[in-house]
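Peer 1: could you look at this predicted model? Sequence included:
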Amino acid sequence: MSEKNRDGKRTARERLAVEREKQKTAEKRRRTLIIGAGVVCVLGLAAVIGVVAANAGKDKSSSSAGPVVAPSGAQGKDALAIPVGKDSAKSTLVVWEDFRCPACQAFEAAYRPTIHELTGAGLLRGEYHLVTLIDGNLGGSGSRHAANAAACAQDAGKFTAYHDVLYENQPKETDDAFAEDSKLIELAGKVPGLETPAFVSCVRDGKHNSWVAKSHQAFQKGGFQGTPTVLLNGKNIYQDQTMTPAKLKQLVQEAAKG
C-alpha cells in the first residue's frame with residue numbers, strides 16, 4: 001500500500017473518530033437538557049451569568065412594595081390559594097406553579113383536560129399557589145408579573161381561562177417576556193371580557209405584587225424542592241412516576257365514591 005493511501009485512510013479514520021465524539025457530546029447535551037427542562041424547575045438552580053445579566057434591570061417596579069392585597073375569593077392560610085371548583089368536592093389538588101417554568105407548562109398540557117373535566121363535574125377542587133422561582137434562578141421579573149396578572153384575572157372571575165392562556169403562550173424559560181405588562185394585557189385579549197380598564201390598571205399597578213411575594217415565601221417555608229409541586233389530598237403525585245391523567249381521574253372518582 002502506498003504512503004499516500006495509508007495517509008488517506010488514517011485521515012478518514014481520524015475524521016470518523018472526531019465525528020463520533022461530536023455525536024456523543026451532542027447526545028449527552030440533549031439528554032441533559034431534557035432532564036433539566038422536563039422533570040421539574042428546581043429550587044436553587046444555578047443561573048447562567050449571561051441570562052441573568054440580560055434580564056437584570058427589566059423590572060420597572062419594586063418586587064414587593066405596598067400592602068398585601070389578596071385577589072378576590074382567595075382562600076386558605078393567609079389567603080394564598082386561588083380556588084377552582086366546588087368546595088364540596090371530595091378531592092383537593094394543590095398546585096404550586098410558576099408561569100415561566102417549562103415543567104409547569106408540560107404538566108398543564110398533559111393534565112389540563114382531565115383537571116377541567118373533574119373540577120367541572122364537582123369531583124375535584126383545585127388550589128393554585130403562584131411562585132416566582134424562575135425569577136430567582138434566572139433573573140428578571142416575568143414570573144411575578146404573570147402571577148400578579150393572574151391574580152388580577154381572579155379579581156375579574158376569569159382566573160382559569162387566563163391561567164390557561166398564559167401557559168399556552170409561555171415564552172422560553174430564558175425569555176423574560178412576561179415582565180412586560182403590555183404582553184400580559186395583550187394575552188388578556190384572548191379571554192372574552194377580561195381586558196377591562198380595571199384589569200389593565202391592576203396589572204400596571206402591580207396590585208398583587210406583595211401577595212405574590214408572600215406566596216413565594218410560603219413555598220420556600222414549605223420545603224418544596226421545585227415547580228410544579230402537585231399534591232392530591234396531601235400526597236405529592238408529581239413525584240409518582242406511574243401517575244397519568246387516567247390514573248388521576250381514577251383516584252378522584254374512587255375518592256368521590258367514598
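Peer 2: On my side now, so go ahead. The model shown is predicted, which means the values in this text are computed figures rather than measured ones.
Peer 1: rounded mean pLDDT for stretch 102-117, please.
Peer 2: What stretch 102-117 shows for mean pLDDT is 97.
Peer 1: and the contacts of that stretch?
Peer 2: With CB atoms under 8 Å, 6 or more residues apart in numbering as the contact definition, stretch 102-117 has outside contacts at 37-41, 93, 97-98, 124, 126, 160, 164, 167, 170, 172-173, 226-228, 230, 238, 245-246, 248-249. (C-beta placed from N, C-alpha, C; glycine too.)
Peer 1: apply the buried test to the residues you listed and list what passes.
Peer 2: When the contacts of stretch 102-117 are checked for burial by 16 or more other CB atoms under 10 Å, the buried set is 37, 40-41, 93, 97-98, 124, 126, 160, 167, 170, 173, 226-228, 230, 238, 248-249.
Peer 1: surely Cys101 is in contact with Thr132?
Peer 2: No. Between Cys101 and Thr132 there is no contact under CB atoms under 8 Å: 10.1 Å.
Peer 1: what about those two, which has more around it?
Peer 2: Taking other CB atoms under 10 Å, Cys101 and Thr132 do not tie; Thr132 has more neighbours (29 against 26).
Peer 1: so who does the more buried one touch?
Peer 2: 98, 143-144, 147, 212-213, 216.
Peer 1: measure it to Gln239 for me?
Peer 2: To Gln239, Thr132 is 22 Å away according to CB to CB, to the nearest Å.
Peer 1: next SSE after the lowest-mean-pLDDT helix or strand in the chain?
Peer 2: Least confident helix or strand of the chain, by mean pLDDT, DSSP states H and E, is helix 49-55 with a mean of 37. Note on helix 49-55: by DSSP states H and E, the next helix or strand toward the C-terminus is strand 82-84.
Peer 1: which secondary structure elements does that following strand contact?
Peer 2: strand 124-130, helix 142-155, helix 159-168 (3 or more CB pairs under 8 Å, 6 or more residues apart in numbering; DSSP states H and E).
Peer 1: appreciated, that's everything.
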